[in-house]
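**Student:** Predicted model, plus sequence, below.
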Amino acid sequence: MLRFSKHEITINEIIKNMNIPDRSEYLKGLAQTGQKIMGVLPALYPRELLWAFDIHAAEIWDPPGEILHANAHLQTTICPVVKKSLEFILKEPQTINAGYLFPHTCDSLQNLGTQVKDLIGVSLPIYTFYNPKGRFNNTTIKYYQDILINFQSILEASHGPLEPEKLKAACVLSHKIDTYLMVIQQARMTDHLSLSNHEYFTLMRAQEYLLPQDYLSLLEQVNILEKPAEFSRARLMVSGILPPLPEILVFLDELGVSIVADDLLAVSRRIPKFAMDPPGSPLDYLTDRFFVLPPCSTRGGDLDERVHYLSNRLKESKAHGLLFDMVKFCEPELFDHRLLVKTFRERKTPVLTLETELEDHISGQDKTRIEAFTERLFEIVST
Amino acid sequence: MSIRAELKYKIMKDYGAPVLMAFQNVRRRKPRPTPAAFGSPLDSNQRLKEILSRHYFLSRYAPGVKKVAWVTSGAPVELLRAFDFYTIYPENHSALVGAKKQGADYCGIAEGDGFSQDLCSYARIDLGHMLSGKTPAGKLPKPDLLFCSNNICQTVLYWYKAIAHELDIPLIHFDAPFVTTEQTEADINYMAQQLQDMIPILERVSGRVFYLNIFEEILERSMETSKTWGAILDAMKAQPAPMTIFDAFGHLAPIVSLRGLPVAQDYYHILMDEINTRVTQGIGAISDERYRLIWDNIAIWYKVRFLATFFAERKMNFVTATYTNAWAETTGYLDVKDPWRSMAKTYGQIILNNNLKHRLDLMKGMIKTYAVDGMVMHSTRSCKPYSVGQFDLRKAITADLDLPAVILDADIADERVWSEQQIQTRLEAFCETLEGSKYG
Ligand code: SF4
Ligand code: SF4
């Protein structure tokens, strides 16, 4: 059962208390059992297809450790997600044994995929998955189905024929996970969840590495309060790629600020906007799921739609302010950022932008800015 | 379409533009002296300037007569030509701003309005132009339509989305799946279908009907023009090479921004004739060509002259570039009998939309066929699809072909990124290695 943490306990203790296994220990353990594990880069991919081939998708977003060897392959102006991922891949970790998957997310990841495959070379196979861009229509839907079929054939070439029942089961599992996540998100927005910022995002991010069944069991244990908790804290919505650094999350908790909603690529933007029907035909289900994800810069989605989506989320969650946690050099987000900031400032929503290189610690300057921003949020709380 | 606007456009086209050109010619009578390291400049330069000035000049009179479209360099513009859009290429315009060393100024305007300094400088310059109306071309018309393809980068989609939102105009996006190994039938069908889906939207925006035969004619012309451009680049195999790649960066403008129009087709015939004459007569672009180089990535627009002179003085000539080749490489796929699918193949496989193995093989091939002695790679802060992978490309090429190479960290159009001392040091070291490797 998840419990509300006391602020004085450390980040590792939080994870321990929540019974969420440590990422690398967990994956090591899995690999030792002979589980096929594929390293998957950000962000969108048909996880159900991998599961149907008994391949576990271990996502690589921000592996810990210094960037050393990747610097010999990438320019200084490339985002830290790409750099850290490459650093991880170059180590050829034992936990990844079934290859790497590069979904088509942005120019940098697009090139990194071919760079690793065609120039650097690793001992494991490299897979790619194209996500259509721009506005979607019937032509896009048809193409997305073709991509799924093609990806299935590619996996079949290395992992044997797909068992349709397994794909169906994977879709059912995926649907259950989505349903829980939507409920939890909703609970978070309406104060029916007693989790600190760090606990909440640890829970959300555990899906990046836990087996789907394990993740589902974890979600099943989440305690949704019957009545909303008393709430005197300031409420914040966060937008960007990844949740803020753990240190920032804990700091916000200490300041009495709760992140009640998010528009993060690693979190909410991968959860359908609304509840989907239980899967019928897997192909249709996977296709529909892709097209009902929230608007996202990396899919080249419409700006108005994104503004609209964020406004609704802000309203629903009653957030007092908006935090943009921008990954340095992330073009897709940086382009949208200017309009989003302008729009919400005009609407008098307090907005703070932080820039991160995914370092381990929060700078003194950022701490001061967060404190000043928090004061503004509390002014709204008290009015 | 207003009769007054149409009349004005016609007068400007038939009389205004020629007068302007004549005036510019008088002003240009005293050309800048050519440094001794160079041979005589190409006569075609004059014609090129006229064409481009005329294009920008006439664009002011287009509104009300033709619909104006802003288009990305890799977009299948032939389709727009079938609806008689007046096309403006913001990338081209940004390069022009960069070449005039005004990039930082325009970027600053965009940055002041909230766009990050970490974005592509072509985009920032264009957004700076959009926000301020500033342009070295006098005045540019506001677009009625935006047309982009992510076959060069995803950046253009984000950038054009921002303009579409700001100006509240339609954006047509041609989604070109990245080629990780080879194009699949599904990729080709998807792109072919998208092109056909665009027709009703283009009819609506332009107010014109689509005629297949007109489109085929345009396609034919575009194909022929690209082939001529390819032949011009091929002629650079001659020793000495009849022009430098820095010349080619300039002569590239019509194939990028006037592709499919008779003016571009005619222009490349003129250039081809001049180049052929030079080759026959053994006239080189630089006075004494001892070393032949390849350039990778987009030009450093604000330093073209500096770099051209630096290398020419050391008897080094750039004879080929991945950049200039991009508008000739895949046009062989175009086929008027199968327009949609052939366009999907042509536009889907261009260098920046193709995997790095393809790029490596292409570069190695160019190095061999153009008898290249050394390689200069511009690692540009602006362009991720061109720059990510360059370090390993360099490693693979130098290892396989034993070729001296240098990487310059700079930017295409934001001159603030240029570090003269660091670049000078790198270039000197590269030249020493090159001289040593060939004659040492
Ligand atoms: S952070 Fe942005 S630039 Fe980096 S990999 Fe993610 S989407 Fe791409
Ligand atoms: S320079 Fe690169 S990123 Fe910028 S528009 Fe051109 S291709 Fe795109």
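**Tutor:** That came through fine. Ligands and ions are numbered 1, 2, ... in the order given.
**Student:** now residue B:82: how far from residue B:212?
**Tutor:** Between residue B:82 and residue B:212 the distance, using Cβ to Cβ, to the nearest Å, works out to 9 Å. In short, each C-beta sits where N, CA and C put it, glycine included.
**Student:** Same drill for the two, tell me which one is more crowded.
**Tutor:** residue B:82 (24 against 11; other Cβ atoms under 10 Å in any protein chain shown).
**Student:** Now do the same for the more buried one: its pLDDT.
**Tutor:** At residue B:82 the predicted local distance difference test score is 98.
**Student:** quick one, what contacts it?
**Tutor:** B:202, B:210, B:211, B:214, B:215, B:218 (Cβ atoms under 8 Å, 6 or more residues apart in numbering or on different chains).
**Student:** Which one of the residues you listed is nearest to ligand 1?
**Tutor:** residue B:202 (31.4 Å; Cβ to the nearest ligand atom).
**Student:** Can you report how many residues lie near the closest one?
**Tutor:** As a burial measure, the neighbour count of residue B:202 was computed by other Cβ under 10 Å and equals 22.
**Student:** Spell out the residue ranges of the strands in the stretch 1-150 of chain A.
**Tutor:** Along the stretch 1-150 of chain A, counting by DSSP state E, counting those that start in this stretch, strands occupy A:36-40, A:55-59, A:100-103, A:126-129.
**Student:** quick one: which of the ones you listed is nearest chain B?
**Tutor:** Each of the strands of the stretch 1-150 of chain A was checked against chain B via Cβ to the nearest Cβ, and the shortest separation belongs to strand A:126-129, namely 4.4 Å.
**Student:** mind listing what that closest one pairs with, with the direction of each?
**Tutor:** strand A:100-103 (parallel) (DSSP bridges).
**Student:** which other residues reach the partner strand?
**Tutor:** A:38-45, A:50, A:57, A:60, A:89, A:109-110, A:112-113, A:116, A:122, A:124-129, A:131.
**Student:** What of stretch B:419-431?
**Tutor:** Contacts with stretch B:419-431, where a contact means Cβ under 8 Å, 6+ apart, come from B:310, B:314, B:316, B:374, B:376, B:404, B:405, B:406, B:407, B:408, B:409, B:410.
**Student:** For the first one, which non-adjacent residue is closest in space?
**Tutor:** I take that to be residue B:310. Once flanking residues are discounted, residue B:310 sits nearest to residue B:427: 6.4 Å by Cβ to Cβ, 6 or more residues apart in numbering or on different chains.
**Student:** mind listing what's buried in stretch A:107-114?
**Tutor:** Residues of stretch A:107-114 classed as buried by neighbour count (16 or more other Cβ atoms under 10 Å in any protein chain shown): A:107, A:108, A:109, A:110, A:111, A:112, A:113, A:114.
**Student:** What separation do you get for the third one and residue B:358?
**Tutor:** Counting by Cβ to Cβ, the separation of residue A:109 from residue B:358 is 18 Å.
**Student:** The fourth one too?
**Tutor:** Residue A:110 is 13 Å from residue B:358, where distance means Cβ to Cβ.
**Student:** give me every residue that touches residue A:337.
**Tutor:** Counted by Cβ under 8 Å, 6+ apart, residue A:337 has contacts A:324, A:326, A:353, B:114, B:116.
**Student:** The first one and residue A:241 touch, don't they?
**Tutor:** So the one you mean is residue A:324. No. Contact criterion Cβ atoms under 8 Å: residue A:324 and residue A:241 do not qualify, at 10.4 Å.
**Student:** Between these two, which is the more surrounded one?
**Tutor:** Neighbours were counted for residue A:324 and for residue A:241 using other Cβ under 10 Å; residue A:241 has more, 27 against 21.
**Student:** so how far is the first residue of stretch B:139-149 from its last?
**Tutor:** The separation between the terminal residues of stretch B:139-149, taken as Cα to Cα, to the nearest Å, is 25 Å.
**Student:** how about it, does it get close to chain A?
**Tutor:** No. Contact between stretch B:139-149 and chain A is absent, the nearest approach being 9.0 Å (criterion: Cβ under 8 Å from any Cβ of the partner chain).
**Student:** neighbouring contacts of that stretch?
**Tutor:** By Cβ under 8 Å, 6+ apart, the surrounding residues in contact with stretch B:139-149 are B:56, B:59-60, B:62-63, B:67-72, B:74-77, B:80, B:85-86, B:88, B:93, B:129, B:133, B:156-157, B:159-160, B:163-164, B:167, B:169-176, B:202, B:205, B:347.
**Student:** Give me the buried subset of those.
**Tutor:** Of the contacts of stretch B:139-149, these count as buried by 16+ other Cβ under 10 Å: B:56, B:59-60, B:62-63, B:67-72, B:74-77, B:80, B:85-86, B:88, B:93, B:129, B:156-157, B:159-160, B:163-164, B:169-176, B:202, B:205, B:347.
**Student:** which among these are in contact with chain A?
**Tutor:** Intersecting the buried ones among the contacts of stretch B:139-149 with the surroundings of chain A, defined as Cβ under 8 Å from any Cβ, gives B:157, B:159, B:164, B:173, B:175.
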